[in-house]
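K.L.:
Got a predicted structure plus its sequence, pasted below:
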Amino acid sequence: MDAILEIPIFPLGHVLYPAGRLGLRIFEPRYVEMTKACIRDNALFGVALIRAGFEAGLPAIPCDIGCTARIVEWEVPNPGLFTLMTRGETVFRILERWTQADGLIVGRVQLEDPPDPAPLPERYEPLAKLLLRLIAEIGPEHFPKPHRPDDAAWVGNRLAELLPVAPERQQQLLELNDPLVVLAEVEQLLKQLREE
């Protein structure tokens, strides 16, 4: 793939993974205009964890690695306010970024090749069972469909989203491009959490 795109970048205190769901409440004018353009053109924007700064106010500095997002549902409860449901698509690397006069960050990004599909190895089946229990408890509607508990990348990404760890640790998991390495890291993190 390795395609290069120019997309708006939305720095957040949250990490988005491929096939993940992310609800957003959009009210700042720069992001309202971005949202309108993305809905009109069925276009992507980029979600990147904030490296420095804050979600609102002055433009924050995003991490160099993020995930493209596509708006899949939207409502306008009040003028100038959008509630969105977005879906993560592809990991990207920011090659260059600049801030427009309205405060919107735009980046020239390179889309990373997704990892080759890999079946879930038998040794990680307990992780898939844990994920299925969590899906049942939290509610299947909160997880992207189709559910793929036999897909290593899908299981790793969904567990990475749910781990009660700092966003910076979730960012490290996003930056790994090998689902089996992600699963090994998730397994280790779960072990550490149980020991605390």
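P.N.:
Looks like it arrived, so ask away. Residues are numbered from 1 along each chain as shown.
K.L.:
C-alpha only now, for contacts and for neighbours.
P.N.:
Fine.
K.L.:
Now do the longest strand seen in the chain: which elements does it pack against?
P.N.:
Longest strand in the chain by number of residues (criterion: DSSP state E): strand 81-99. For strand 81-99, the elements it packs on are strand 21-26, helix 29-41, strand 65-78, strand 105-111, judged by 3 or more CA pairs under 8 Å, 6 or more residues apart in numbering; DSSP states H and E.
K.L.:
and Q171, which of the ones you listed is closest to it?
P.N.:
strand 65-78 (8.2 Å; CA to CA).
K.L.:
Can you give the contact residues for the closest one?
P.N.:
Contact with strand 65-78 is made by 15-18, 38-39, 42-49, 82-94, 174-175, as judged by CA atoms under 8 Å, 6 or more residues apart in numbering.
K.L.:
Can you list the strands that it pairs with?
P.N.:
Using DSSP bridges, strand 65-78 pairs in its sheet with strand 45-52 (antiparallel), strand 81-99 (antiparallel).
K.L.:
winner for burial among those?
P.N.:
Across the strands paired with strand 65-78, averaging neighbours per residue (mean count of other CA atoms under 10 Å) puts strand 45-52 on top, at a mean of 22.
K.L.:
sorry, back to before: just put the helices and strands packed on strand 81-99 in JSON lines and tack on distance to F143 and mean pLDDT.
P.N.:
Shown next, in JSON lines, are the helices and strands packed on strand 81-99 (distance: least, CA to CA, whole Å; pLDDT from 0 to 100):
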{"stretch": "strand 21-26", "distance to F143": "7", "mean pLDDT": "94"}
{"stretch": "helix 29-41", "distance to F143": "22", "mean pLDDT": "94"}
{"stretch": "strand 65-78", "distance to F143": "13", "mean pLDDT": "95"}
{"stretch": "strand 105-111", "distance to F143": "24", "mean pLDDT": "96"}
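K.L.:
In TSV, list the ones you listed along with distance to P11 and mean neighbour count.
P.N.:
Output for the helices and strands packed on strand 81-99, formatted as TSV (distance: least, CA to CA, whole Å; neighbours: other CA atoms under 10 Å):
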stretch	distance to P11	mean neighbour count
strand 21-26	12	17
helix 29-41	11	16
strand 65-78	9	18
strand 105-111	9	21
